[in-house]
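Trainee: Got a sequence here, can you model it:
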Amino acid sequence: MMQYYKLTLTTLSPVHIGSGDTYTRLDYAYDSEHEKVYIMDPYKLFCGLQKHKCLERLQKSLDKDTDITMTKYLKDCGISPLEYRDWAAYSYDISNIDMNSKRITPKKSNMNIASFVKDAYGLPYLPGSSLKGAIRTAFAYGEICKDTNKWNNIRSMIESEVPKSPKNKSYLRKLNRPKLYGQHKKACMV
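Mentor: Residues are numbered from 1 along each chain as shown. Below is the predicted model of the structure:
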């Protein structure tokens, strides 16, 4: 008989498992006051812009300003976040993101946002294959920390099997990175 277990996972770092979709500067609006990003539902956005008589203006704005963002456009049309939030398919609370980071700059509202993988109900989820890979990596890391000689032997076996060609050079270079694990044994945890 198969047994089922309920687990609660606590991540030690941010987790992102992308769906492959990307939202551009015209797909979302950033509400700086409430620190939320609204991913727009195209149909609701279309209806809302039509109601405000801003739809034709959008095309003209896109022709004139190639850097226009949905955030800026909605503000220029006098549409408040209280109204356009109803046009969103969903939203992200970004109050816990370091806005001074050079990598994450929604204040500029012109970056692309990589979409998280979602279930049939539109809710984010972690696929079992991703969990399996994370657990496998944690166990491998633990083994490397316990015995760096074992890793060196495995690396040598891989290097001897992979033909030496310029195409494989970068791959072989990556194999040398785990040497650092031996220098940071205190950081090793499993």
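
Trainee: Every contact and neighbour count from this point should use C-alpha atoms.
Mentor: Will do.

Trainee: so where is the protein shaky, pLDDT-wise?
Mentor: Filtered on pLDDT under 70, the chain yields the residue ranges 98-110, 163-190.

Trainee: For it, which segments count as strands?
Mentor: 18-23, 28-31, 36-40, 88-93, 113-116 (DSSP state E).

Trainee: Would you mind getting the angle between the first one and strand 36-40?
Mentor: What it means is strand 18-23. Strand 18-23 and strand 36-40 meet at an angle of 80 degrees, taking axes from the mean of the first three to the mean of the last three Cα atoms, to 10 degrees as the criterion.

Trainee: Same question for the fourth one.
Mentor: Direction vectors for strand 88-93 and strand 36-40, defined by the same axes, to 10 degrees, enclose an angle of 160 degrees.

Trainee: same for strand 88-93, what does it pack against?
Mentor: Here strand 88-93 touches strand 36-40, going by 3 or more Cα pairs under 8 Å, 6 or more residues apart in numbering; DSSP states H and E.

Trainee: before we move on, the earlier item: of the strands of the chain, which stretch is the most buried?
Mentor: Comparing the strands of the chain by mean neighbour count (mean count of other Cα atoms under 10 Å), strand 28-31 ranks first with a mean of 24.

Trainee: Please state the offset of the lengthiest helix in the chain from the chain centre?
Mentor: The residue-count maximum for a helix in the chain (DSSP state H) belongs to helix 128-146. Its chain's C-alpha centre and that of helix 128-146 lie 21 Å apart, by Cα atoms, centre = their mean, to the nearest Å.

Trainee: just stretch 72-80 next, same as before
Mentor: Distance, stretch centre to chain centre, for stretch 72-80: 27 Å (Cα atoms, centre = their mean).

Trainee: So what touches that stretch?
Mentor: For stretch 72-80, contacts defined as Cα atoms under 8 Å, 6 or more residues apart in numbering pick out 52, 54, 58.

Trainee: that older thread, how about the longest helix of the chain: buried residues?
Mentor: 141-146 (16 or more other Cα atoms under 10 Å).

Trainee: Quick check on the contacts of stretch 72-80: which are buried?
Mentor: Buried members of those, counted by 16+ other Cα under 10 Å: 54, 58.

Trainee: Could you give the bridge partners of Asn23?
Mentor: Just to correct that, residue 23 is Tyr rather than Asn. As for beta bridges, Tyr23 partners with Ile113 under DSSP bridges.
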